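Peer 1: give the three-dimensional model of this entry:
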Amino acid sequence: MFSSRFHWDFRTNRLTQALEARRRDGARILDLTESNPTRAGLVYPPEIVRAFDDPRMLVYEPSPAGAAEAREAVASYYEARGERVETGRILLTASTSEAYAWLFKLLSDPGDHVLVPRPSYPLFEFLANLESVEVRQYPLTYHGGWAIDLDALAAAISERTRAVVLVNPNNPTGSYVKRAELQTLSRLCAQRRIALISDEVFSDYALGEAPDAERVPTLVGVEECLTFSMSGLSKVAGLPQMKLGWMVTSGPAKLRAEAMEKLEWIADTYLSVSTPVACAAARLLASGVLVQRQIRERTAGNLAVAREALAGSAAGILAVEGGWYIVVQMPRIRGEEDWAVELLIEESVLTQPGFFYDFESEAFLIVSLLTMPEVFREGIARLRRYCAAA
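Peer 2: A predicted model of the protein is given here:
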């Protein structure tokens, strides 16, 4: 009766079962997985609410690419970061998830492939399968720092490959695409007529004193191959509930123009961006600067706490360049699911095992740097204590 797209295993895993049991028991859980900025104790400026006091919100004037004023606000966002992006290259969406769906519609026929990084965010397979597109993975390798295995990526390309997806910086490894990697990738994609899709929602959250000169913060300036760079209010302004994302089209002019024309047809079919959030976009982006500052302070502070707490222990933090997460390598005396479940049961500390993100080896736990500081400090201390006692 139902579509074959729904072929996933919906059974709850051991960690979810343990979490439900602990909550039924009334336990205080130290949640080190918090990724919702609106629940992270941040201070949101009142200008965000006042941004919706605008009578234009009562008039419906649909525009497939998105309201001109909102696209101008997105262009100004890039200009503040040293990038010139014409509004004609910008198309608004309700979210980056929707942007993925539209790009898969644009680029692929049923049964075609897209290449996605491993490890990375686990949503790709769901999004692709809902468009009848297959996911094939290319590895990120770790040798004191993360890198794209370019040889493996090239070997994964077939006649039915339509796009290479980058998450920049990656979630959860926190690694940026490097300039040499981008040069190789853009040349390869141009030769094989494959698009690059760059998910840049965490791009504003570099960790460290200053960004490494080799990091590529955005792909909006790529000229060699058709490229789509995505972001949105969810991370840029810490406003996931506002449901406004965007994509910027780059690459050869003729391909760009054709892609934008077809994307506008797709967008016109759905018209999913709401008028109120489009009218408020400029003020929301401006108000988001304060939220961004708090998130940077929070993530930097929690990273310093984690490094100090785990120094000299059997648990170690893998190199991280940006984003909201860290990867903690645990001793291989047990599997990472066992580590996560036992930490929850014995210490009331909630983490995520690496296999949630398709790590190829054991044993890794994923921890969110967005967690409120007092919870983070106590949770990391308990993690170290439990690791030492194991």
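Peer 1: burial check on the closest residue to G208 other than its chain neighbours, number of neighbours?
Peer 2: Of all residues not flanking G208 in the chain, E321 sits nearest, at 7.0 Å (CB to CB, 6 or more residues apart in numbering). Where C-beta positions appear, they are placed from N, C-alpha and C, glycine not excepted. E321 has 20 neighbouring residues, counting by other CB atoms under 10 Å.
Peer 1: likewise for P117?
Peer 2: P117 is flanked by 27 other residues according to other CB under 10 Å.
Peer 1: which strand or helix spans the closest residue to it other than its chain neighbours?
Peer 2: Leaving aside its sequence neighbours, P117 sits nearest to L140 (CB to CB, 6+ apart; 5.5 Å). Assigned by DSSP states H and E, L140 belongs to strand 134-142.
Peer 1: buried stuff in that strand?
Peer 2: With burial defined by 16 or more other CB atoms under 10 Å, the residues of strand 134-142 counted as buried are 135-140, 142.
Peer 1: quick check: what element follows it along the chain?
Peer 2: Next along from strand 134-142, by DSSP H and E: strand 146-148.
Peer 1: next up, the contacts around the residue lying closest to G288 once chain neighbours are set aside.
Peer 2: Distance criterion CB to CB, 6+ apart; nearest residue to G288, sequence neighbours excluded, is A237 at 2.5 Å. Taking CB atoms under 8 Å, 6 or more residues apart in numbering, we find A237 in contact with 284-285, 287-288, 291-292.
Peer 1: next, format those as JSON lines and append neighbour count, distance to A99 and secondary structure.
Peer 2: Formatted as JSON lines, those follow (neighbours: other CB atoms under 10 Å; distance: CB to CB, whole Å; DSSP: H, G, I helix; E, B strand; the rest coil):
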{"residue": "L284", "neighbour count": "23", "distance to A99": "18", "secondary structure": "helix"}
{"residue": "L285", "neighbour count": "21", "distance to A99": "17", "secondary structure": "helix"}
{"residue": "S287", "neighbour count": "21", "distance to A99": "23", "secondary structure": "helix"}
{"residue": "G288", "neighbour count": "24", "distance to A99": "19", "secondary structure": "helix"}
{"residue": "V291", "neighbour count": "22", "distance to A99": "22", "secondary structure": "helix"}
{"residue": "Q292", "neighbour count": "17", "distance to A99": "21", "secondary structure": "helix"}
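Peer 1: out of those residues, which is nearest to L103?
Peer 2: L285 (22.8 Å; CB to CB).
Peer 1: quick one: the closest one and Y78 touch, right?
Peer 2: No: look at L285 against Y78 with CB atoms under 8 Å: they stay out of range, at 10.8 Å.
Peer 1: from the contacts of A237, which two are the most distant?
Peer 2: That would be L284 and Q292, which, of those, are the farthest apart (CB to CB) at 12.0 Å.
Peer 1: return the distance of stretch 70-86 from the chain's centre.
Peer 2: From the chain centre to the centre of stretch 70-86 is a distance of 20 Å (CA atoms, centre = their mean, to the nearest Å).
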